[in-house]
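Q: this is a predicted model, with the sequence first.
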Amino acid sequence: MIRYIAVFIVFLIVAALVFVRLVPFEAGRFHKEAFPAAVGDYPNRNSFTAVREMTAPPHDIMTAIDTVILQTPRTKRMAGLPGLELITYQTRSLVFGFPDYTNVSIIAPGTVGNPGSLLMIRGQARFGLEDLGVNEARIKDWLDQLGPLTVDP
């Protein structure tokens, strides 16, 4: 009996890992702009949002961040293009392949009292209640790579 229970548990684990790898991207759920916010960092248990002032036109910023993000291992663009004001990316974890989704968007001038356009990057875990800070680390690394194109709060 214990053998059958062990086999069943192994089967459930394998099935869960296959599900995580094969679950389809839901554009209606993940390819949407987050609620606009003022300049700053907004950590959450399973997500992280960074809003920054930009020192270049929005198109240049979106092209630069697209280049930086696509150099990240296990990352691909899921929806949107650099010429648009919203792009969604998927980054998978190394071992189990858990997907995180990152939205990069432009906040229009005057939306949150901002005189110019703002860059907003929001990363969130697809599964689970905790992302262990990986979205924050990834987003801050991308912002560091952008260098003087954005202004730290």
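A: That came in fine, so what should we check first? Numbering: from 1, shown residues only.
Q: tell me which residue lies nearest the centroid of the protein.
A: For the chain, the residue nearest the mean C-alpha position is residue 102 (1.7 Å; Cα atoms, centre = their mean).
Q: who does that residue bridge with?
A: Judged by DSSP bridges, the bridge partners of residue 102 are residue 89, residue 123.
Q: where along the chain do the helices fall?
A: Taking DSSP state H as the test, the helices found in the chain are 2-22, 27-30, 58-70, 134-146.
Q: which of the ones you listed has the lowest mean pLDDT?
A: Averaging pLDDT over each of those singles out helix 27-30 as the lowest, with a mean of 76.
Q: which of the residues in it are buried?
A: By 16 or more other Cβ atoms under 10 Å, the buried positions in helix 27-30 come out as residue 30. (C-beta placed from N, C-alpha, C; glycine too.)
Q: just checking, what packs against it?
A: strand 75-79 (3 or more Cβ pairs under 8 Å, 6 or more residues apart in numbering; DSSP states H and E).
Q: listing partners with orientation, what would you give for the strand it packs on?
A: Next to strand 75-79 in the sheet, as set by DSSP bridges, lie strand 86-92 (antiparallel).
Q: ok and the partner strand relative to helix 2-22, angle-wise?
A: Orientation of strand 86-92 against helix 2-22 (axes from the mean of the first three to the mean of the last three Cα atoms, to 10 degrees) gives an angle of 150 degrees.
Q: returning to that earlier point: quick one: the residue nearest to the centre of the chain and residue 134 touch, right?
A: No - under the criterion of Cβ atoms under 8 Å, residue 102 is not in contact with residue 134, lying 11.0 Å apart.
Q: this completes my enquiry, with thanks.
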